[in-house]
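Undergrad: Quick one, what's the 3D model for this:
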Amino acid sequence: MMVTRWNDKGWKDAGAELRRWKKMDVPTFVRHRGRVLDQDLLRWTPPRGKRPGSESWPSMKKRGEKTVERDCKRLFIPIRDVPLIKDALAARETKVSGVRVRSLHSRIKALFRAQNWNELERLLFKLGFKYSGIIGNASEQVHDRAVREGSRGRPARHKRYLVIEKSSIAPLISKLKSHVGRLKSGWGAAARALGVPARNWPAWVQRHGANGSFQDRTSVPDRPTLIFINNDQASKDMSQAEIVDAAIAVNERKMVIEAQKIWEHEQRKLQRAMR
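TA: Okay, the predicted model is just below:
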């Protein structure tokens, strides 16, 4: 769960100056900036690149889908594509003076034909292949277990499964690609409560609904606060410092720049009036 209470001193100092220029009361100003913050939280939450403020929504979606495909192909390896097994299945059994020789290739081929996966797994392990196991089909359950052992919402890199049914991998990749945008949708409840226009949210995020939760405590005297909560399952693997703090820092800079522009505009008006 990612939670942030938007009452950080940095934005307070920047916001106090901007609020005076915009002539808003404190609760109205906090909600106004909350809408901006929500958009930045959306952009800074994966999938994203190093410059989420300037990256397009289609680029973010494509990045997320590529990550899913790359992770799945690293996690699930078709057993027939392993070079040793591929060579063994293609090799012919050799004979010496009419007697069959049980070479490594023929041994692997025999185990494969007998579907003796446990013995094949032990043999590969003895040969130095550190696979996590041989499984019939690539599945979301196996993928999710690997993610729980990994970090940042991605499968642990040491997990690698040999898959008997290669045809099961592509459908799983397609299904997992449809999940792209779910983590971003965790800021949806705040967006809806603050009146962020739906057009500001791409369709691949909106399809997951307005998730998460939000609390408006701007009526609290001397401590008006907005609370954003992203409780998507994958949020536990995300870094709050990287996402939330970055979005707040971006907002602080935005407020400083906006206040500066208003000040410059007022100065130009004053100069024109004095001519």
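Undergrad: residue boundaries of the helices in the protein?
TA: Assigned by DSSP state H, the helices in the chain fall at 9-22, 26-44, 57-75, 83-90, 104-113, 117-126, 140-149, 169-177, 188-194, 203-206, 240-274.
Undergrad: what's in contact with the third one?
TA: To tie it back to what came earlier, the one meant is helix 57-75. Residues outside helix 57-75 that contact it (CB atoms under 8 Å, 6 or more residues apart in numbering): 43, 46-49, 52, 138, 142-143, 146, 154-155, 157, 159-161, 169, 172-173, 176-177, 179-181, 202, 204. C-betas here are computed from N, CA, C, even on glycine.
Undergrad: What's the PyMOL line that selects buried ones from those?
TA: Listed next is the PyMOL selection for buried residues among the contacts of helix 57-75, using 16 or more other CB atoms under 10 Å:
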select buried, resi 43+46+47+48+52+138+142+143+146+154+155+159+160+161+169+172+173+176+177+180+181+202+204
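Undergrad: Report the central residue of this structure.
TA: Taking CA atoms, centre = their mean, the centroid of the chain lies closest to P46, which sits 3.9 Å from it.
Undergrad: Could you check how far it is from A210?
TA: 19 Å (CB to CB, to the nearest Å).
Undergrad: Can you convert the helices of the chain into a markdown table and add a column each for distance to D216 and mean pLDDT?
TA: Below are the helices of the chain laid out as a markdown table (distance: least, CB to CB, whole Å; pLDDT from 0 to 100):
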| stretch | distance to D216 | mean pLDDT |
| --- | --- | --- |
| helix 9-22 | 16 | 72 |
| helix 26-44 | 7 | 88 |
| helix 57-75 | 27 | 96 |
| helix 83-90 | 59 | 85 |
| helix 104-113 | 62 | 86 |
| helix 117-126 | 56 | 90 |
| helix 140-149 | 33 | 92 |
| helix 169-177 | 35 | 97 |
| helix 188-194 | 7 | 91 |
| helix 203-206 | 22 | 94 |
| helix 240-274 | 17 | 80 |
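Undergrad: how close does the residue nearest to the centre of the chain sit to I135?
TA: 27 Å.
Undergrad: Now do the contacts for G188.
TA: Listed by CB under 8 Å, 6+ apart, the contact partners of G188 are 201, 205-206, 208-212.
Undergrad: Isn't I169 up against P78?
TA: Yes. Applying CB atoms under 8 Å, one finds I169 in contact with P78, separated by 7.0 Å.
Undergrad: any common contacting residues for the two?
TA: By CB under 8 Å, 6+ apart, I169 and P78 have these common neighbours: V163.
Undergrad: Can you give me the pLDDT of the closest residue to G212 other than its chain neighbours?
TA: Take G212 and drop its neighbours on the chain: the residue closest to it by CB to CB, 6 or more residues apart in numbering is G186, 4.1 Å away. pLDDT, G186: 91.
Undergrad: burial measure for G186, as a count.
TA: Residues contacting G186 under the criterion other CB atoms under 10 Å number 29.
Undergrad: separation between it and G150?
TA: 19 Å.
Undergrad: what's the answer for F76, then?
TA: Taken as CB to CB, the span from F76 to G150 is 14 Å.
Undergrad: neighbour-wise, which of these two wins?
TA: The neighbour count for F76 versus G150, taken as other CB under 10 Å, is higher for F76 (25 against 17).
Undergrad: thinking again about what came up before, drop anything exposed from the contacts of G188.
TA: Buried members of these, scored by 16+ other CB under 10 Å, are 201, 205-206, 208, 210-212.
Undergrad: can you name the two of the residues you listed that are farthest apart?
TA: The most widely separated members of the buried ones among the contacts of G188 are Q206 and G212, with 13.5 Å between them, by CB to CB.
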